[in-house]
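K.L.:
Okay, sequence plus prediction incoming.
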Amino acid sequence: MDLGLAGRSCVVTGAGRGIGRATARLLCEAGAMVLLVARTADEIEAAAAECGRAGAAAHGRATHLAADVTGADAATAIVTEAEDRFGSLDAIVNAAGQSRVRDLDDIPEAAWYEAWELNVMAPMRLMREGIPRMADRGWGRVVNVCSSAGKRPSANMGEYSVAKAAELSLSRLYADRWAKSGVLVNAVCPGPVKSEMWMQPGGLLDQSVELRGEADRDAALESVASGRPIGRLAEVDEIASVIAFLCSERASYVAGAAWGADGGTVQVII
């Protein structure tokens with residue numbers, strides 16, 4: 001299916017790994033021009049090189065910017081970089097995020113503020129900077145990568161759940177504001193995904209082993225997977241495919257959605 005993304009210019013934050021990196025690769029494969037953004041210079045450079053190779057056949061392009069999206073001036077720098085490289089900005093994917101597993105009473109106050117800056121303020125600033133420019137051209141897409149925890153709070157990821165719920169509300173507010181201008185804002189809500197955030201040593205899976213007293217990583221993985229009706233964790237490309245669709249011409253009548261991509265975890269109809 002042609003997504004109509006050839007020649008479109010996109011920004012993907014959190015693109016050094018995981019869902020962000022997979023999304024950037026799929027956009028490049030669809031012929032888009034993509035600015036990959038992440039904090040770690042070596043990581044984002046390698047990701048951009050991978051995406052550029054993947055998109056070569058479709059004339060997709062990838063470039064990169066090392067930046068901390070929580071910086072007060074980061075949004076201006078990101079949008080300016082995209083427009084300087086590509087001449088315009090058509091789509092934003094806010095995929096930067098992180099979490100950890102711990103008891104609600106063990107969350108330090110600073111962590112609540114950090115979660116808010118990363119999951120609410122950083123996407124808000126990038127939308128505030130980029131959407132009016134899209135609206136001037138009458139076309140745009142924004143996808144905020146939220147979480148099933150934003151719909152149904154996770155007892156062991158308190159600050160993350162609260163921030164993601166706020167990000168869902170933020171997405172809806174911007175969707176309502178800009179839909180008539182041709183800029184469609186949506187959110188995607190994954191559950192657990194086989195990304196570095198979950199699977200790397202010391203990541204959420206290992207933290208779950210420690211907190212829940214599981215026997216080992218395999219037992220913890222089975223426990224997490226059994227909580228999904230589909231019976232397994234998502235692969236990063238499965239989430240990236242939903243995001244790429246929402247960035248595309250094909251999603252021309254989707255606005256304000258909180259698109260569940262959680263294997264059926266959150267059992268609600270709306």
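P.N.:
Perfect, I can see it now. Numbers count the residues shown, from 1 in each chain.

K.L.:
Can you give me the domain boundaries for this protein?
P.N.:
Listed domain ranges for the chain are 9-191+236-251, 199-233 (source: automatic domain parsing).

K.L.:
Mind checking the ones you listed for the one nearest to residue 264?
P.N.:
For residue 264, the closest of the domains of the chain is domain 199-233, at 3.6 Å, according to C-beta to C-beta. No exception for glycine: its C-beta is placed from N, CA and C like everyone else's.

K.L.:
All the helices of the stretch 101-250 of the chain, residue numbers only.
P.N.:
109-116, 122-137, 158-178, 196-199, 204-212, 217-226, 236-246 (DSSP state H, counting those that start in this stretch).

K.L.:
Deepest in the core, which of the domains of the chain is it.
P.N.:
Among those, ranked by average contacts under mean count of other C-beta atoms under 10 Å, first place goes to domain 9-191+236-251 (a mean of 21).

K.L.:
what's the span of it, first residue to last?
P.N.:
Using C-alpha to C-alpha, to the nearest Å, the end-to-end distance of domain 9-191+236-251 comes to 16 Å.

K.L.:
can you give me the mean pLDDT across it?
P.N.:
Averaging pLDDT along domain 9-191+236-251 yields 97.

K.L.:
what distance separates it from the centre of its chain?
P.N.:
Mean-position distance between domain 9-191+236-251 and its chain equals 4 Å (C-alpha atoms, centre = their mean, to the nearest Å).

K.L.:
What of stretch 206-214?
P.N.:
The answer for stretch 206-214 is 25 Å, by C-alpha atoms, centre = their mean.

K.L.:
Just want the phi and psi numbers for residue 93.
P.N.:
Main-chain dihedrals, residue 93, degrees, to the nearest 10: phi -120, psi 110.

K.L.:
do the one 5 residues further on as well
P.N.:
Note on residue 98: its backbone torsions stand at phi -160, psi 160 [degrees, to the nearest 10].

K.L.:
got the contact list for it?
P.N.:
Residue 98 makes contact with 118, 197 under the criterion C-beta atoms under 8 Å, 6 or more residues apart in numbering.

K.L.:
gap between the residue nearest to residue 198 when sequence neighbours are not counted and residue 151?
P.N.:
Distances taken as C-beta to C-beta, 6 or more residues apart in numbering put residue 204 closest to residue 198, at 4.7 Å, once the chain neighbours are dropped. Here the criterion is C-beta to C-beta, to the nearest Å. By it, residue 204 lies 18 Å from residue 151.

K.L.:
What of residue 223?
P.N.:
Counting by C-beta to C-beta, the gap from residue 223 to residue 151 is 21 Å.

K.L.:
Output the longest strand belonging to the chain.
P.N.:
strand 183-190 (DSSP state E).

K.L.:
for it, packing partners?
P.N.:
helix 122-137, strand 140-145, helix 158-178, helix 236-246, strand 258-261 (3 or more C-beta pairs under 8 Å, 6 or more residues apart in numbering; DSSP states H and E).

K.L.:
Figure out which of the ones you listed is closest to residue 213.
P.N.:
helix 158-178 (19.3 Å).

K.L.:
ok, residue 182 to residue 108 distance?
P.N.:
Computed as C-beta to C-beta, the residue 182 to residue 108 distance reads 43 Å.
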